[in-house]
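[1] Build the 3D model from these lines:
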Amino acid sequence: MASSSKSSSSSSPQLVAAALLVAAVVAASVLVAAEAVCDMSNEQFMSCQPAAAKTTDPPAAPSQACCDALTGADLTCLCGYKNSPWMSVYNIDPKRAMELPAKCGLATPPNC
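    Sure, this is the predicted structure:
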C-alpha cells in the first residue's frame, strides 16, 4: 500500500502540471481567437477569406464587409503575415490576399 500511495503522490504533481498546461493552451487559443490582429477581429479577417481562398477559382470579389475591415486594418501589419504558415490553415492564397486592398480601392503599403 505504501508504494501505491508513493506512485500516486509522485504522479499528482505531473497531473497538476499537465492540467495547468492544457488550461493555459485553451486560454491562449480563446484569447487569440477573440483578440484583434492588425486591428482586425477574427470575424473581420474571415469576411475576407472567400476573396483570398486558394481553392476557389475564380476567387470571389471582396465583400463590403471585407473592404470595410481592410479600411480600418493596419495593412502594413497584415503584410507581415503574407509568408506565415497560418495562411494555409485559413486556406488563403497570399498573392490573392495582397490584391485585396487594391480591389477595395485602398493603397497597398510599400514593400508589401
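
[2] contacts, neighbours, all on C-alpha from now
    OK.

[3] Secondary structure class of K82, three-state.
    Under DSSP: H, G, I helix; E, B strand; the rest coil, the three-state class of K82 is coil.

[4] if I read this right, it contacts E99, doesn't it?
    No. Assessed by C-alpha atoms under 8 Å, K82 is found out of contact with E99, at 11.4 Å.

[5] Please name the spatially closest residue to T76 (chain neighbours excluded).
    P109 (5.9 Å; C-alpha to C-alpha, 6 or more residues apart in numbering).

[6] Not counting residues beside it along the chain, what's closest to P59?
    A51 (5.3 Å).

[7] Would you agree that neighbour is in contact with P58?
    No. Judged on C-alpha under 8 Å, A51 makes no contact with P58 at a distance of 9.1 Å.

[8] per-domain residue ranges of the chain.
    1-35, 42-103 (automatic domain parsing).

[9] how about the residue nearest to P59, what does it touch?
    Applying C-alpha atoms under 8 Å, 6 or more residues apart in numbering, we find A51 in contact with P59, A60, A61, P62, S63, R96, A97, L100.

[10] Swap in 6 Å and give it another go.
    Counting by C-alpha atoms under 6 Å, 6 or more residues apart in numbering, A51 makes contact with P59, A60, A61, P62.
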